[in-house]
Each structure stands twice: as C-alpha cells, then as structure tokens.
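Participant: no FASTA, just this:
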C-alpha cells in the first residue's frame, strides 16, 4: 500500500507540474502579446497556401496555358482565346492576393487595376500583353513563396522556443514540487 501512495504522489507531481508549466507558458505568451493557438493555425494556413502556390509554379501554370492551345489568328476566336487566358491569369493571380490578405497587405485598388488591365488586354486581343502579365504573376508568386517561407520560419521558431521553455519549466517545477511543498514522506 505505501508503494501505491508513492506512485500516486509521483503521478500527481508530474500532472501538477505539467499543468503549472502550461499555465506559465500561457501567461508568458499572453504578456508578450502572442496567441499560441492563433500562431499554430496561421502556420497551418501558410502551409496550405504555400502548397497551392508551389503546385501552380511547378507546372500547373504551363498546363493551364497548354490546355488553351495556340492563339488563333482570326479576331473573334482570338478574343475568345484572350478572354480564357485572362481568366486563367486572374485565377492564378488570386493566390498572391490570398497571401496579401493573410499578411494584411491587400490593396483593393491594386487588384482592381490588375483586373482592368487583364480585361483591356482581352478586349483588344493582345496575347503578348497577357503573356507579359502572366510572367509578372509568376514573379509575384515566387515573391509570395519567399514571404510565406520567412513568416512561417519565424512562427515555427517561436513555437519551438515556447515548447522548449515549456519542457524546461516542466522539469524545474517537477523538481520544485519534489523538494518543495508536495514532499513525500
């Protein structure tokens, strides 16, 4: 029976020290102005959008343009081709806008100007202008990947630091409880 009590006291110390360390980490992060749960969900969102952008950059954009075929020479067909190409460019450029929304850098005017430019190129059947816009969108996607990587690495380092601090506090509090006010006899 005494070994059972000693085992229960050890389990109680482990649980109590874990809860205390968790609460300390919560208060430390709250005082520093960080929301650990929000940071964790942000990392998941960044991973998701990074995957979408990487898929587009790794051949999906070329696949989209190949599906359209070659640009026709006759005007009504050429306008239709340009409208489809503008639609594809608009869908791809939306990924950069999603990244800007996540980083609070979204500009409605900028998006509106890009959309107007795409519409004007499709109305004038300017395939070259649309292809230049596609190159610009590709560069913006690469820039978005770099920005997302930087933000993600920062949040992961911060999460790792809090986890390491949690385990250090957990061990220190466990030893404190073992020597302190929850002393086994």
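Facilitator: Nice, thanks for sending it over. Keep in mind the model is a prediction, meaning the values are calculated, not measured.
Participant: In contact with residue 28, which residues?
Facilitator: Residue 28 makes contact with residue 165 under the criterion C-beta atoms under 8 Å, 6 or more residues apart in numbering. Placement of C-beta: from N, CA and C, glycine included.
Participant: Same question for residue 99.
Facilitator: The contact partners of residue 99, taken as C-beta under 8 Å, 6+ apart, are 49, 53, 144, 147-148.
Participant: so which helix or strand takes in it?
Facilitator: Taking DSSP states H and E as the definition, one finds residue 99 inside helix 75-102.
Participant: Off-centre distance for that helix?
Facilitator: The chain centroid and the centroid of helix 75-102 are separated by 23 Å under C-alpha atoms, centre = their mean, to the nearest Å.
Participant: Buried residues, it. List them.
Facilitator: 78, 81-86, 88-90, 92-93, 95-100, 102 (16 or more other C-beta atoms under 10 Å).
Participant: List only those of the contacts of residue 99 flagged as buried.
Facilitator: Buried members of those, scored by 16+ other C-beta under 10 Å, are 49, 53, 144, 147-148.
Participant: Closest to residue 174 out of these?
Facilitator: Among these, residue 148 lies closest to residue 174 (C-beta to C-beta), at 38.4 Å.
Participant: Residue 50 is in contact with that closest one, correct?
Facilitator: Yes: counting by C-beta atoms under 8 Å, residue 148 does reach residue 50; the two are 5.0 Å apart.
Participant: Which residue, other than its chain neighbours, is closest to the residue nearest to the spatial centre of the chain?
Facilitator: Nearest residue to the geometric centre of the chain (C-alpha atoms, centre = their mean): residue 46, 0.8 Å. Excluding its sequence neighbours, the residue lying closest to residue 46 (C-beta to C-beta, 6 or more residues apart in numbering) is residue 152, at 4.6 Å.
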